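Enquirer: Build me a structure from this.
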Amino acid sequence: VGVAWRTPCAAFALSQNSAHHVSGLASRLDMPLTVRAGAAGKVKAKRSAGIKSGSVVLTSKASSDDNDDTEIRGGAQSPPPPPPLPTLAALRQFYFPCLALWIAGPLLSLVDTASVGLSAGPGEGAAQLGALGPATTFIDGATYLFAFLNVATTNLYAGALAKNNAKGKDAVDPRLAGDGVVRVATKISLICGLGLLTLLLKAGRALLKIYIGPAPGDTSILDPAAAYVSIRALSMPTALLSGVLQAALLGAKDSVTPLVATVVSTVVNVFGDALCVVKMGMGSRGAAIATLCAQLAGTAAMLRPAKRELLAPADVTPEERERAGDTKVSSVSFLYFAAPVLTLILGKLAAFGIMTHVAASIPGDATLAAHQIVLSLFFFISPFLEVISQTAQAFLPTYFTEMEDARYRKSADELQSRMLKIGLAVGAVVSGAAASIPRFFPGILTNDVAVQMAVRPLALPLLLGGLLTAPVAVSEGILLARRKLGFLAGVYVLSTALFPSIVFKVKQAQGPVVHVWACFAGFQLFRALCFTGRIWLPKLWLKMFGSAESKDE
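Expert: Numbers count the residues shown, from 1 in each chain. Okay, the predicted model is just below:
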């Protein structure tokens, strides 16, 4: 006979005599129970933090002059203690390879740009680079639009492993626990990749024409750009597949395997550019072929290790499968998580698109150039902070599996605070370094005196925007790990709706462009307050005004 004690009450009282009856009942049912009677003769029962559902703790309500307690324990044992917090060295070992992954994409585009620019024939360089710029940003933007698949994969895979680890002795092979997430993510990425491939092949030229802008009778930029997009479109299925495999490996806290695949991709791209662009003189077409081959090689290099580390082995015993339970993840549940993340990505893309649109409408030849320089510097800052968000998504789910346990809550709070401190420190260093360039060394980026003068005032809002991105990125990663998707999506929808109405006032006033970036700093401040407030404000409120009993509850 198995008996589980359950009570909907927060507390109930028993006489001291009743406590002995309870103890006797427990002995007859072979149920572990401890009774310590207090002098006051009353026993109070409540469910304590750290005891799972189905257990009961009875403690005495002693009189004011008696400190002795009566305690009756029964039911399920408390969960195992939380794992130790990751050391700074462990976080560092994850952070730097992951940072290399974020930088790899812009690095490949830089290699393409340098190869085309240096090898172009007389009078062809401007046209080739003019085509390569919008073509690469168009492809990168289309790929980034599906980054919600990567975010969903990292969170769901890390969550599956955390739930498995929380089982203690009943835990199964981690590959079996996360197998369902990897399979559904792979399937959805290939479907999306094939759909994107079809769209780019059929409508890529028309979309590029809208993106570049009308130029009646002049196809010197549109033709090579469309050719570049058509070639790069062939890599979309493998590019999205590579993204989710990297995300799953990061969810398993393996950042080395994706780094090795990135190194392979970079080497192939460099040699491909040397052959197709420099030696054969194929221009932007050659750059597209080299990048296509690089992406295929990088994905191929990752397939075997990913299969070995992520998918359930063939020799899993029936007993282990039974302990694992149903590990399948439906496409609907995966997309249920991924859809709000798509809202986040669309909000970010919309913000930068609106800023560029307004900057382009402000009079002055140097205005848009100054905006583009500062935007590029901000994109340099972002990876250093987004990687901390990725780190939070990989390490935190372990401590969210038993949030009713005070020990797990304490560990989660400590790790969250540590992530925020690291983010603020990294953000201060990187933002300060980036902002010093337009303020003190604008000649590094442009030899045009007018542009140098226009970019100097943008250093301060760039510094503020970068600093505020730190709490935004870290808190966003924490909220994603806690699955607060509705809140995140709501903040992004609200801020994206309000942001254009503010920035368009700068357009109506015809500038200056520094006000555009001041609005962006305000945009980041709003999100930082919302995200950090959602995480830390309730704890601060309890610390200041909550009683000891309310804190326990």
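Enquirer: And the strands in the stretch 51-200 of the chain?
Expert: Residue ranges of the strands in the stretch 51-200 of the chain, as given by DSSP state E, counting those that start in this stretch, are 56-60, 71-74.
Enquirer: quick one: average confidence on the shortest one?
Expert: Going back to what we said before, that points to strand 71-74. Strand 71-74 comes out with an average pLDDT of 44.
Enquirer: Then stretch 339-357?
Expert: 82.
Enquirer: same deal with stretch 407-418?
Expert: Mean pLDDT, stretch 407-418: 89.
Enquirer: can you check stretch 321-333 too?
Expert: Stretch 321-333 carries an average pLDDT of 72.
Enquirer: likewise stretch 92-102?
Expert: Stretch 92-102 carries an average pLDDT of 81.
Enquirer: Contacts for it next, please.
Expert: With contact meaning CB atoms under 8 Å, 6 or more residues apart in numbering, stretch 92-102 is reached by 246, 250, 253, 255-256, 258-259, 262, 383-384, 386-388, 390-391, 394-395. For the C-beta atoms, the positions are set from N, CA and C on the backbone; glycine is no exception.
Enquirer: Which members of these occur in helices, if any?
Expert: Using DSSP state H, 246, 250, 256, 258-259, 262, 383-384, 386-388, 390-391, 394-395 are the members of these that sit in helices.
Enquirer: And the contacts of stretch 92-102, which of them are buried?
Expert: 246, 250, 253, 255, 258-259, 262, 383-384, 386-388, 390-391, 394-395 (16 or more other CB atoms under 10 Å).
Enquirer: For the strand or helix carrying Thr356, name the packing helices and strands.
Expert: Thr356 is part of helix 331-361 when elements are defined by DSSP states H and E. With contacts defined as 3 or more CB pairs under 8 Å, 6 or more residues apart in numbering; DSSP states H and E, helix 331-361 has these neighbours: helix 125-144, helix 147-165, helix 174-212, helix 365-395, helix 485-508, helix 513-545.
Enquirer: do that again at 10 Å, thanks
Expert: Judged by 3 or more CB pairs under 10 Å, 6 or more residues apart in numbering; DSSP states H and E, helix 331-361 is in contact with helix 125-144, helix 147-165, helix 174-212, helix 365-395, helix 459-481, helix 485-508, helix 513-545.
Enquirer: Just put those in JSON lines and tack on distance to Ser230 and mean pLDDT.
Expert: Output for the helices and strands packed on helix 331-361, formatted as JSON lines (distance: least, CB to CB, whole Å; pLDDT from 0 to 100):
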{"stretch": "helix 125-144", "distance to Ser230": "10", "mean pLDDT": "73"}
{"stretch": "helix 147-165", "distance to Ser230": "23", "mean pLDDT": "82"}
{"stretch": "helix 174-212", "distance to Ser230": "6", "mean pLDDT": "87"}
{"stretch": "helix 365-395", "distance to Ser230": "26", "mean pLDDT": "84"}
{"stretch": "helix 459-481", "distance to Ser230": "35", "mean pLDDT": "92"}
{"stretch": "helix 485-508", "distance to Ser230": "32", "mean pLDDT": "88"}
{"stretch": "helix 513-545", "distance to Ser230": "34", "mean pLDDT": "88"}
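Enquirer: Can you say which of the ones you listed is nearest to Arg409?
Expert: Between Arg409 and the helices and strands packed on helix 331-361, the shortest gap by CB to CB is with helix 513-545, which sits at 9.4 Å.
Enquirer: What sits closest to the most centrally placed residue in the chain if chain neighbours are left out?
Expert: Note on the chain: the residue nearest the mean C-alpha position is Gln390, at 4.4 Å, using CA atoms, centre = their mean. Nearest non-adjacent residue to Gln390, counting by CB to CB, 6 or more residues apart in numbering: Cys98, 5.7 Å away.
Enquirer: Show me what the helix or strand where Val451 lies is packed against.
Expert: Per DSSP H and E, Val451 falls inside helix 449-455. Under the contact criterion of 3+ CB pairs under 10 Å, 6+ apart, helix 449-455 touches helix 365-395, helix 406-440, helix 513-545.
Enquirer: what's the helix or strand for the closest residue to Leu176 other than its chain neighbours?
Expert: Of all residues not flanking Leu176 in the chain, Ala312 sits nearest, at 4.2 Å (CB to CB, 6+ apart). Here Ala312, judged by DSSP H and E, is contained in no helix and no strand.
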